[in-house]
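Engineer: Model the following, please.
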Amino acid sequence: MTFNTRPALILTAVVLATLAGCGKKDDASAPATQVAAKVGSEEISVHQINQVLSRSNTSAASAQDIQRVSREVLEKLIDQQLLVDQATESKLNRSPDVVAQIESAKREILARAYVQQLSAGLPKPSAEDVKKYYVAHPALFAERRIFNVQEIIVPVAPGLMELLSGLAAAGKPMEEVAALLKSKDIQFTGGAATRSAEQVPLELLSKLQPLKDGQCIVLEAPRALTYVRVAGSQSAPLSADAAAPNIEKFLSNQGVNEAVAASLKQLRAASKISYLGEFSKPAADTAAATPTAAALPTDDKAAMDKGVSGLK
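Structural biologist: Here you go, the predicted structure:
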């Protein structure tokens with residue numbers, strides 16, 4: 001069962017009522033307590049239970065469900081505290097590795113809290129913003145397609161771009177391209193994947209969208225060339241209403257990313273940052289070639305090992 005944050009405000013009352021009920025039945029005036037349990041001298045509070053529950057989905061949960069899950073959470077918190085006590089007794093809290101992990105977690109929590117504070121003050125995308133994005137990206141929505149793509153990836157070498165471009169213009173099938181590469185003793189890898197438009201990076205989608213089934217194109221990266229063939233596709237348009245929630249979420253995330261980037265730019269400009277040791281040297285160009293296999297992501301490598309991989 002999953003739970004939502006909406007009823008989180010009633011959780012304290014529910015848990016407190018449960019805890020109060022655990023006392024003497026004839027003592028109706030027993031006061032409620034914010035402490036749910038004690039493990040030795042350490043207290044586990046109702047607030048800790050609520051904090052765990054607030055990360056769950058309780059929208060469809062009854063009071064009885066919440067009471068049951070609250071008890072399960074409490075038992076897990078007790079187990080956790082017992083382990084913490086043992087770790088502390090063993091002085092693991094002083095271990096350099098543990099101290100480093102705690103500091104790392106602290107830094108991550110604080111950075112995330114700042115990003116959340118920053119994003120909370122941003123306006124939500126307007127209906128007009130959502131509509132404009134829908135109209136500006138027909139390949140993602142009104143003209144959305146699901147592509148069955150085959151590809152052959154080869155390292156960059158003199159004359160290869162011209163060779164592959166000629167084969168693509170002629171619409172040569174993958175078997176013929178693979179056979180030609182083998183005859184020239186050119187190493188290559190191949191794969192196939194089925195991807196909907198939104199699973200393809202926009203810069204690649206703009207090149208795939210105009211292609212009809214059976215047509216080919218060659219994509220160039222700094223270290224690799226990819227011969228791509230649209231083996232098949234199907235039309236799967238999304239209406240403006242159906243697409244609106246995802247567009248709004250995307251625009252919200254985009255707004256957060258831009259706000260964080262702007263904030264970091266300001267903070268870097270206002271702070272003194274010194275690089276030391278080996279990092280004092282100018283950064284090398286780390287831009288690496290990303291074959292189309294990475295640009296057209298697959299759920300797992302096994303999917304890419306199918307299709308034309310047997311042609312190698």
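Engineer: Which residue lies nearest the spatial centre of this protein?
Structural biologist: Geometric centre of the chain, nearest residue: residue 253, 11.7 Å, by CA atoms, centre = their mean.
Engineer: tell me what the one helix or strand that one maps to is packed against?
Structural biologist: Using DSSP states H and E, residue 253 sits in helix 240-270. Where contact means 3 or more CB pairs under 8 Å, 6 or more residues apart in numbering; DSSP states H and E, helix 240-270 is packed against helix 96-120, helix 127-136. No exception for glycine: its C-beta is placed from N, CA and C like everyone else's.
Engineer: just those: most buried one?
Structural biologist: helix 127-136 (a mean of 14; mean count of other CB atoms under 10 Å).
Engineer: could you give the angle of that helix to helix 240-270?
Structural biologist: Orientation of helix 127-136 against helix 240-270 (axes from the mean of the first three to the mean of the last three CA atoms, to 10 degrees) gives an angle of 100 degrees.
Engineer: So which other helices or strands are in contact with helix 127-136?
Structural biologist: Applying 3+ CB pairs under 8 Å, 6+ apart, one finds that helix 127-136 contacts helix 240-270.
Engineer: Go through the helix it packs on and flag the buried ones.
Structural biologist: For helix 240-270, the neighbour count (16 or more other CB atoms under 10 Å) marks 243, 244, 247, 248, 250, 251, 255, 256 as buried.
Engineer: Equivalent analysis for stretch 193-211, please.
Structural biologist: Residues of stretch 193-211 classed as buried by neighbour count (16+ other CB under 10 Å): 193, 194, 195, 197, 198, 200, 204, 205, 208, 209, 211.
Engineer: helix, strand or coil for the third one?
Structural biologist: Just to be clear, that refers to residue 195. Classification of residue 195 using DSSP: H, G, I helix; E, B strand; the rest coil returns strand.
Engineer: Surely it and residue 146 touch.
Structural biologist: Yes. Using CB atoms under 8 Å, residue 195 is in contact with residue 146, at 7.3 Å.
Engineer: quick one on the thing from earlier: let me see the mean pLDDT of the helix holding residue 253.
Structural biologist: The average of the pLDDT scores along helix 240-270 is 96.
Engineer: All the helices of the stretch 51-200 of the chain, residue numbers only.
Structural biologist: With DSSP state H, counting those that start in this stretch as the criterion, the stretch 51-200 of the chain has helices at 63-89, 96-120, 127-136, 160-169, 174-183.
Engineer: Wasn't residue 47 part of a strand?
Structural biologist: No. Using three-state DSSP, the assignment for residue 47 is helix, not a strand.
Engineer: Not counting its neighbours along the chain, what's nearest it?
Structural biologist: In space, and not counting its chain neighbours, residue 47 is closest to residue 34: 6.8 Å by CB to CB, 6 or more residues apart in numbering.
Engineer: how close does that neighbour get to residue 127?
Structural biologist: 44 Å (CB to CB, to the nearest Å).
Engineer: Give me the number of neighbouring residues for residue 218.
Structural biologist: Using other CB atoms under 10 Å, residue 218 has 21 neighbouring residues.
Engineer: ok so it is a helix residue?
Structural biologist: No. Assessed with three-state DSSP, residue 218 is strand; it does not lie in a helix.
Engineer: was I right about it contacting residue 168?
Structural biologist: Yes. When contacts are counted by CB under 8 Å, residue 218 is listed as touching residue 168 (5.1 Å).
Engineer: Now the common contact residues for the two.
Structural biologist: Shared contacts of residue 218 and residue 168, defined by CB atoms under 8 Å, 6 or more residues apart in numbering, comprise residue 227.
Engineer: before we move on, back to that, adding mean pLDDT and distance to residue 278, write the helices of the stretch 51-200 of the chain out as CSV.
Structural biologist: Compiled in CSV, the helices of the stretch 51-200 of the chain are given as follows (pLDDT from 0 to 100; distance: least, CB to CB, whole Å):
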stretch, mean pLDDT, distance to residue 278
helix 63-89, 93, 35
helix 96-120, 96, 20
helix 127-136, 97, 44
helix 160-169, 95, 37
helix 174-183, 95, 41
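Engineer: can you tell me which of those comes nearest to residue 223?
Structural biologist: Closest of the helices of the stretch 51-200 of the chain to residue 223 is helix 160-169, at 11.9 Å (criterion: CB to CB).
Engineer: in the closest one, what counts as buried?
Structural biologist: Neighbour-count burial for helix 160-169 flags 160, 163, 164, 165, 167, 168 (criterion: 16+ other CB under 10 Å).
Engineer: Just name the closest of those to residue 179, please.
Structural biologist: Proximity of the buried residues of helix 160-169 to residue 179 (CB to CB) peaks at residue 167, which lies at 11.1 Å.
Engineer: so what are the domain limits for the protein?
Structural biologist: The chain resolves into domains spanning 8-24+31-90, 143-238+292-311 when parsed by automatic domain parsing.
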